[in-house]
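Undergrad: predicted model, plus sequence, below.
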Amino acid sequence: MAALTKDRKTVTAFRGVRAFPVLASTVIYEGSIVAVDASGWARPARSVASNTDRIVGRAELRADNSVGANGAVYVSVRCDDVCFYVNGDSITSADVGKDCYASDDQTIVKTSAATVARAGKVYTVDATYGVGVVFDA
């Protein structure tokens, strides 16, 4: 395909808020980083050996499936905002635009490891609010 020589109408989709079924015996807290495990169940982001979770965004509301079966409750997840979380790895402005990872449901680190899931990109770093993350699932 050749490069553009005129304006192009580009189809876009609004990412906004999505709903995911929650893993049994799980509570996802409002504002937390949400992951989807290999079976497709939503759960809080975590650090675990051979982590295959995928980070999908920030929980809009608390989702309590502590007594339900898989998928008995859904969590609303926002995936299009810049969200601020704890800076767990000395992330600085030099890391803006680089990949970042979730070591738990409120902590962002810059170091990739088999135990953490990729969260997205570092958008900004603030001394008060922490690391601003753009989720790109």
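TA: All right, it came through fine. Residues are numbered from 1 along each chain as shown.

Undergrad: each with direction, which strands does the strand ranked longest in the chain pair with?
TA: In the chain, with assignment by DSSP state E, the single longest strand is strand 117-126. Strand pairing for strand 117-126, using DSSP bridges, gives strand 99-102 (antiparallel), strand 130-135 (antiparallel).

Undergrad: turn the ones you listed into JSON lines, columns for mean pLDDT, distance to residue 12 and mean neighbour count.
TA: (Each C-beta comes from the backbone N, C-alpha and C, glycine too.) Formatted as JSON lines, these follow (pLDDT from 0 to 100; distance: least, CB to CB, whole Å; neighbours: other CB atoms under 10 Å):
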{"stretch": "strand 99-102", "mean pLDDT": "97", "distance to residue 12": "24", "mean neighbour count": "24"}
{"stretch": "strand 130-135", "mean pLDDT": "96", "distance to residue 12": "16", "mean neighbour count": "22"}
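
Undergrad: which of these sits closest to residue 52?
TA: strand 99-102 (13.3 Å; CB to CB).
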